[in-house]
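# I would like the atomic coordinates for the input below:
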Amino acid sequence: MTRRRSLLTPTSLVLACLLAVPIADAQAWELQGIKSITATTRDNQRITLGSVRFEPRGDGTVAFTVSLEPSRFTDHFLSMKEFKCLDGPGEVVCHVPYPHAQPRTITADDLAWLEHNLLFLYQLPTDFGAKLWNGLYFQLEPTEQGLRGRPQAIDLNYISAPSDTPEQPPYQPEQRDEIAPGVRWIESLIIE
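Below is the predicted model:
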């Protein structure tokens, strides 16, 4: 009777175990550093809008600063106010800065204040004046590469006056409505 030798040596066994460990965890996306903000459109464009800087604090929160790239936007004067807008095929999408005091912090489980810094409105190129009831809120969700925001409908008139609870983001789920895919020109915002 012949005895078979195992093809697995101690070294090859260690190598096999190391290769089985997912490397993705070591390179997981983090809320840290400068990340780009990109809009994806229904006509398959990717438009870099600017960046966001994440600065982790020791208490579990992350401070953030959104910087939009002025050269990507055109100036539109709507309702006696200047808006920074993107001119799309059949739709103009304008950034609406959140007008009230806020902490400018988030946590991994609560991205609401960042979402409130990425408010937009949309309208037809022929519309006169800002249509604040045509607001867009991008609800952010984590992905392996970063954050992806899908548009939801909001009424921007809701934030025309400061909230009675300024520490709480005003656009809670009950103030937002789902938008069917493909209805709006900007289909998502990506932070990576």
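
# mind listing the strands for this structure?
Taking DSSP state E to define them, one finds strands in the chain at 33-41, 46-56, 62-68, 74-78, 81-88, 91-95, 105-106, 120-123, 135-142, 147-154, 177-178, 186-191.

# for the second one, which positions count as buried?
Neighbour-count burial for strand 46-56, with 16 or more other C-beta atoms under 10 Å as criterion, is recorded at 47, 49, 50, 51, 52, 54. C-beta: built from backbone N, CA, C; applies to glycine.

# can you redo the residues you listed as TSV with pLDDT and distance to residue 95?
Converted to TSV, those look like this (pLDDT from 0 to 100; distance: C-beta to C-beta, whole Å):
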residue	pLDDT	distance to residue 95
47	97	12
49	98	8
50	98	9
51	98	14
52	98	13
54	98	20
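
# mean confidence for stretch 153-161?
Stretch 153-161 shows a mean pLDDT of 95 in the predicted model.

# What ranges in the protein fall below the confidence cut-off?
Along the chain, the parts satisfying pLDDT under 70 run over 1-27, 79-80.

# Is residue 130 in contact with residue 122, as I believe?
No - the pair residue 130 / residue 122 is not scored as a contact, 10.6 Å apart, by C-beta atoms under 8 Å.

# For the two, indicate the residue with more neighbours.
Per other C-beta atoms under 10 Å, whichever of residue 130 and residue 122 has more neighbours is residue 122, with 22 against 19.
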